[in-house]
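K.L.:
A predicted structure for the sequence below; I have some questions about it.
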Amino acid sequence: MGGQPTVGGQLAMALSRSQDRPDDDFIPPWVIKRFDDEYGYFVGRAHVAQTVDKVPTDDGLAEHFEAFERAFHSLVGPYFSGKEELDAILQDTNAGSD
């Protein structure tokens, strides 16, 4: 990614920093691109469509929501699954010290 990072790139950097890992070790570039593609789709349709071709069908919206959800989970899923594992370890440790 040259120049200004995309929204997906910024999110990837923030998540990587929070886990003290380099961006390319944590989130594959294709995941960031897929996230940015879906983000762009929704931002481009955030306001009332000016032309009929920009009005998505119900099936089209559902397809893009699912794609966005998959891309977003690919970005943040590892962070939250790691957090859940750490919480479980801390809980076990705290229970053992009582």
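P.N.:
Right, received. Where do you want to start?
K.L.:
now residue 8: how far from residue 69?
P.N.:
Distance of residue 8 to residue 69, given as CB to CB, to the nearest Å: 14 Å. C-betas here are computed from N, CA, C, even on glycine.
K.L.:
Compare these two (neighbour count), which wins?
P.N.:
Taking neighbours as other CB atoms under 10 Å, residue 8 and residue 69 compare with residue 8 leading, 25 against 11.
K.L.:
could you list every residue that touches that one?
P.N.:
31, 32, 33, 35, 36, 39, 71, 75 (CB atoms under 8 Å, 6 or more residues apart in numbering).
K.L.:
Quick check: buried residues in the host helix or strand of it?
P.N.:
Using DSSP states H and E, residue 8 maps to helix 7-18. Using 16 or more other CB atoms under 10 Å as the test for burial, helix 7-18 gives 8, 9, 11, 12, 13, 15, 16.
K.L.:
Closest to residue 90 out of these?
P.N.:
residue 15 (20.3 Å; CB to CB).
K.L.:
Hmm, residue 72 and that closest one touching each other?
P.N.:
No. At 11.5 Å, residue 15 does not count as touching residue 72 under the criterion of CB atoms under 8 Å.
K.L.:
Identify the residue nearest the geometric centre of this structure.
P.N.:
What sits nearest the mean C-alpha location of the chain, by CA atoms, centre = their mean, is residue 72, with 2.8 Å.
K.L.:
Roughly how far does that residue sit from residue 60?
P.N.:
18 Å.
K.L.:
Then residue 84?
P.N.:
34 Å.
K.L.:
Equivalent analysis for residue 14, please.
P.N.:
Residue 14 is 30 Å from residue 60, where distance means CB to CB.
K.L.:
same question, residue 78
P.N.:
Separation of residue 78 from residue 60 (CB to CB): 29 Å.
K.L.:
Comparing those two, which residue is more hemmed in?
P.N.:
Neighbours were tallied for residue 78 and for residue 60 using other CB under 10 Å; the higher tally belongs to residue 78 (15 against 12).
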